[in-house]
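Student: How does the following fold in three dimensions:
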Amino acid sequence: MANRSRTPSIGVRWNLRAVMAQKGLFATSDLVPLLASRGVVLSREQVYRLVTKTPQRLNLVTLGALCDIFECSPNELIEPLKGAPGRAAVAPIRPKRARITPEKGR
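Tutor: Okay, the predicted model is just below:
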């Protein structure tokens with residue numbers, strides 16, 4: 001059997017909501033016409049998900065439109081996190097299983 005080394009996974013932090021807030025845009029529905037004016041037609045629900053969740057895949061035209069709207073670079077929207085889980089910036093918190101051992105002397 002081949003020796004497989006563990007490759008560190010790369011996660012991302014999606015900062016769209018923070019970038020929007022910095023520019024004074026707080027309602028996700030306000031982003032719909034701004035995207036449409038740049039040729040990116042998304043429903044209100046799609047834009048809501050784009051803002052509130054880290055996208056698994058992101059169209060480069062959409063990324064370019066967001067950078068144009070907010071006058072920012074892709075680095076301000078997408079922050080790589082080395083050693084983080086591949087799907088999201090924050091891993092779900094799981095409780096550790098308790099190990100109960102008998103006390104000595106009882």
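
Student: now V12, what's its secondary structure?
Tutor: strand (DSSP: H, G, I helix; E, B strand; the rest coil).

Student: do A18 as well
Tutor: helix.

Student: Just list what the helix ranked longest in the chain packs against, helices and strands only.
Tutor: When the chain is parsed with DSSP state H, its longest helix is helix 60-70. For helix 60-70, the elements it packs on are helix 16-22, helix 31-36, helix 74-77, judged by 3 or more Cβ pairs under 8 Å, 6 or more residues apart in numbering; DSSP states H and E. Every residue, glycine included, has its C-beta placed from N, CA and C.

Student: which one of those lies closest to I100?
Tutor: Closest of those to I100 is helix 16-22, at 43.1 Å (criterion: Cβ to Cβ).

Student: Local confidence estimate at the one residue sitting closest to the centre of the chain?
Tutor: The centroid of the chain falls nearest to T54 when counting by Cα atoms, centre = their mean (2.7 Å). T54 carries a pLDDT score of 94 in this model.
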